[in-house]
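Visitor: everything below, folded, please.
(3 chains)
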Amino acid sequence: MKTHPLRRPVVLILGTALALAAAACGSSATSTSSTPSTSPTAGASSTATLKVALIEPSLRNDLAFSQSMYAAATSLAGPMHFTLSVSDNLFNITDAANAMRQYASEGYNLIIAHGSQYGGTVEQLAPQFPKTSFAWGTAGVTYGLKNVFAYQANSQEGGYVEGYVAAQLSKSKVLGVIGPINVGDAHLYVVGFKAGALAAEPKATVHVSFTGSFSDDTLMSTAAKSYVSEKADVLTGSSQSVVGAVGVAKSEKVAWFGTQWDQSSLAPTEVVASQVYDWTGVLRQMLTAIRGGVLGGATYTITLGNNGEKIVYNPSYPLPAAIKSAGQHVAAEIISGTITPPTN
Amino acid sequence: MSQFFTTAVLVATVAAGVQLATPFLLAALGETMGQRSGVVNLGVDGIMLLGAFGAYYVAAKTGNLVLAAATGLGIGVVMGLLTAFVSVTLKAEQGISGIGVFLFGLGLTNVLLLRVFPSPVTIAALPAVPIPLLHRIPYIGPMFFTQNWLVYLAFLLVPVLTFVLNRTTYGMKIRAVGENPAAADTVGVSVARIRYSTVIIGCALAGLAGATLLLQIGIFQEDITNSEGFIAVALVYFGAWRPLGVMGGSLLYGMVGAVVVTWKTLGIIPTSESDIAAMAPAVLTVVALLSVARRYRQPAALGKPYERGA
Amino acid sequence: MSYLKSGRPPRAAGLGSRQDLLFSWLALPAAAILALLLGALLILAFGASPITGYHALITGAFSGTYALTSTAVKAVPLLLVGLGICIAFRANMLNIGGEGQIAMGGLAGTATALAVPGLPAVILVPLVLLAGAVGGGIWGAIPGAFKAYFNVNEILSTIMLNLVAVQFMNYLLSGPLVAHSGYAVGGLIPQTRLLSPNSWLPTLIAGTQLHLGVLIAVLLAVAVYVLLWRTSLGFRIRAVGLSREASRYAGMSVRPTMTLAMTLAGALSGVAGAMLVTGSISHRMVTDGTLTGFTGNAGFNGIVVALFAGLQPLWTIVTAFLFAGLLVGGTSMQVVTGVPADLVTAINGIIVVLVVSVEYLRRRARARARAAAAAGPGARDAPASGQADATGIAEKEVPA
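Guide: Okay, the predicted model is just below:
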């Protein structure tokens, strides 16, 4: 065999691809191009439509982290006059970087990098596009850059309240907490929950463990079953993989406390409450700043106080009124500063 | 550590381990059939995903769990036909066609999830079916005989498939085709037909495995299998292409996983060592195979497309 | 597997020579077009225009400097993993451990860069890549040795080692290697400190991401070509792949060769891992808990790329670039049309299946056509050329 068997076909494929490209270029009227244009299309006017891009590491309907920001952004698109373009499931940082860069070169005004793993990329990319605003969460670092906003969640606050309520609700005084990996807002939530539980019931046993994955549902469900066998009658956890654990809560009829998103739909009679992230306040502030010409340099934190974090009680769960009001009292104390839940 | 050895904890751990092992077992048994006849299918994970999504769709829309499992099986059959066509009739390179199926399943299920279920709902839980009398045996009863019916099905398949492979004519043909297709062809065995059948069975079981996983979790998520399909393929090698060995491998893997999780929940494994501990199932599987040091050969014709006269 | 390695065409029989020739010419492009059409249907079903979608894909991948350089950069891990496959598969071992080997290489390179940040770039950059090679090499040597000396199937051990690697990565990046910079609230991010600029791969074209790694990868492709066809080690690797027994009979050291083949494959993947960190925009190593988050599935896509190239290292450069184009274009398509990039993953899968399906038929048709032409007009059946189960190590193939 003198020539390689694949030589001609590969050339043919390449040729076919180019032919398709030529045809598409000829007939398509889209304005897609990758020639960079660094000036955003809208100025600082308050009614011009801004272009906002959202980059997320998991699917926008993950009932947790990504969905919280997606819901907030879509709800604000009309009232705040912006168009939203979403690139989700970009867990690979190189792909996310490419998407970010493409959005930036197409003149998007705000790029929301919704994932702590994107931080390094934002740090290096933002200086290359000084007229584009980047918002990075969840972490509280802007790298000192003038066009980077940072946003984060004080998940330990809601965690504390839920832990407090959970410990009082529990009859066995054994609670089970399942985290994915001990970082980020999962870490904060877990720390807050344990502190709140022990504050309510100092003799309670709060088990904490981490599955090692944000996406492995079966590990979560196994941990939940394990906790139930250890007599836990209240469970909680963080990340989109908690659905595995919620399923166990449902079948074993133990109470569940959720975070990041309202999880009452997952187990209508077992979910007691969820700490819901409401990013609309943060987004509003960022967009107003951008319209006013400020592209970054500020850190926004959602807390119980500014309503960025809400404890949403499941109306279908028969929570004793005394416990619920104790929880609301604790929340008020956190807001007023009397109690500061720990972060470590 | 004493907490671990309480009845409740031990029983829950073993029961969880059995449940964890079941999707692996189903998929690996299916792959065993295919590989025994000489066909490697690396697309098991993609088929599991497709089967899981199909089951989810049916369960969410109808609430009928049996129908959902059947849907997973059915999708597996369809994918089996496709895989068999590609691997047996078109004689494609088996390693990569499987990866193509994997990519297809992964991408399509994510897209479908976004499209069909913008706000996913949970489905009815799989009920545990206690086996009469047996489930009353102390310890063993709650561990093994109070599982859902898919678990029982999976473990029942082990003796069934062992019997089929070793004691039926069909099984003999499968083994012959896997070892020496030319010789089998000479005595009148239709290599293609045997391979088609085993691949279809294999993919059907993979689809069912996906459905099982889905029904056990209760909701569909992106990449719900988390590459379990590849682990299932690996377990076929671990099990030396015998259903009993595959069952051993699946149980080992599932049990170690369950034990690790339980020890984490009890604090026996501290949080700081959490990730290291999570390596245990994989490491132990390899160590187990090393120490047993068996000399089982793989089916001689594994991975080689057959062509008469060649 | 055998026909790919031996290069011998399968037995000829069947259609006349003209149809066969036509078929062999048209089959692959037809498969590719069919795949793209099916993809168009999927895009349509999702509610977007296939024309817009494909246009975005192609321009995003190939139009303009930035697109081309992004594609080239994306191709690097695919190429390197593919080169490893070229070596390992020719020694009859399927390396599915690319994902884990990339991760281990990335960790080794990152650790090196963090340990000696002060070294001058001339030393540090190659040192980091070397560390990556060592990290990945170890991760390839283990399954290689297990297969060679203990008969543990490499598919099993590589998959298991992938699982070990991801946990190791999570452990290191949330623990010993994590950046403890003061964030406003205590939560850590599982990423390392910013790597010293001395370790960054230099950018070849300013304003793009095209880094030195691209050049190194291409050079490595040439090196692998030379290794496989111009060195005795390469000869041994190919011989062992064709027949272990014959090689042993001929006095070759089979087991060390097999181990070495897997080690090289792992080392190449490890270099890809190191490049993924030092050539990235962020210059940190960060995890989201999965291997794919770091590798972008390069461990699997690299296998496809190598096999499309017929296990020829130089052709792997081309297939890696084209496949990378599909991936980069997919992200671009999502940005422009809102069609999820996952759809492109599915289309990639269809392309893989269709192209690989047609390959065998194509070769058979060409063999028939050639045989028919050789036997003169009117001849229909050509004598069988005999299939693999090579008993000899006759070199039938000529490199492209």
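Visitor: tell me which stretches of chain B form strands.
Guide: Secondary structure of chain B, counting by DSSP state E: strands at B:129-130, B:146-147.
Visitor: tell me which of those strands lies nearest to chain A.
Guide: strand B:146-147 (12.2 Å; C-beta to the nearest C-beta). The way it works is simple: take the backbone N, C-alpha and C, and place the C-beta from them, glycine included.
Visitor: does anything pack onto the closest one? Which helices or strands?
Guide: Packing contacts for strand B:146-147, counted by 3 or more C-beta pairs under 8 Å, 6 or more residues apart in numbering or on different chains; DSSP states H and E, involve helix B:7-36, strand B:129-130.
Visitor: for the closest residue to B:Gly46 other than its chain neighbours, which residues are in contact?
Guide: Counting by C-beta to C-beta, 6 or more residues apart in numbering or on different chains, B:Gly105 is the residue found nearest to B:Gly46 once chain neighbours are left out, at 2.6 Å. By C-beta atoms under 8 Å, 6 or more residues apart in numbering or on different chains, B:Gly105 lies in contact with B:Gly43, B:Asp45, B:Gly46, B:Ile47, B:Met48, B:Leu49, B:Leu50, C:Gly349.
Visitor: against chain C, how distant is the fourth one?
Guide: Using C-beta to the nearest C-beta, to the nearest Å, one gets 12 Å for the distance from B:Ile47 to chain C.
Visitor: touching, that residue and B:Ala206? I think so.
Guide: Yes: counting by C-beta atoms under 8 Å, B:Ala206 is a contact partner of B:Ile47 at 4.2 Å.
Visitor: compare these two (neighbour count), which wins?
Guide: B:Ala206 (40 against 36; other C-beta atoms under 10 Å in any protein chain shown).
Visitor: residues near A:Gly297, how many?
Guide: 14.
Visitor: same question for A:Pro318.
Guide: If we define neighbours as other C-beta under 10 Å, then A:Pro318 has 9 of them.
Visitor: in what helix or strand does it lie?
Guide: Assigned by DSSP states H and E, A:Pro318 belongs to no helix or strand.
Visitor: check which helices and strands the helix or strand harbouring C:Asp20 sits against.
Guide: Per DSSP H and E, C:Asp20 falls inside helix C:17-45. With contacts taken as 3+ C-beta pairs under 8 Å, 6+ apart, helix C:17-45 sits against helix A:7-27, helix C:50-62, helix C:341-375.
Visitor: mean pLDDT for these: which is lowest?
Guide: The minimum mean pLDDT among these belongs to helix A:7-27 (a mean of 46).
Visitor: what bits of chain A have low per-residue confidence?
Guide: A:1-46 (pLDDT under 70).
Visitor: related to what we said a few turns ago, can you name the two of the contacts of B:Gly105 that are farthest apart?
Guide: B:Met48 and C:Gly349 (14.4 Å; C-beta to C-beta).
Visitor: who has more neighbours, those two?
Guide: Taking other C-beta under 10 Å, B:Met48 and C:Gly349 do not tie; B:Met48 has more neighbours (38 against 26).
Visitor: for chain B, what's its nearest residue on the stretch 1-150 of chain A.
Guide: Closest point on the stretch 1-150 of chain A to chain B, by C-beta to the nearest C-beta, is A:Leu59, at 4.9 Å.
Visitor: that residue touches A:Asn89, doesn't it?
Guide: Yes: the pair A:Leu59 / A:Asn89 is scored as a contact, 5.3 Å apart, by C-beta under 8 Å.
Visitor: any common contacting residues for those two?
Guide: By C-beta under 8 Å, 6+ apart, the residues touching both A:Leu59 and A:Asn89 are B:Asn110, B:Glu222.
Visitor: and chain A, is stretch C:189-197 touching that?
Guide: Yes: using C-beta under 8 Å from any C-beta of the partner chain, stretch C:189-197 reaches chain A at C:Ile189, C:Pro190, C:Gln191, C:Leu194.
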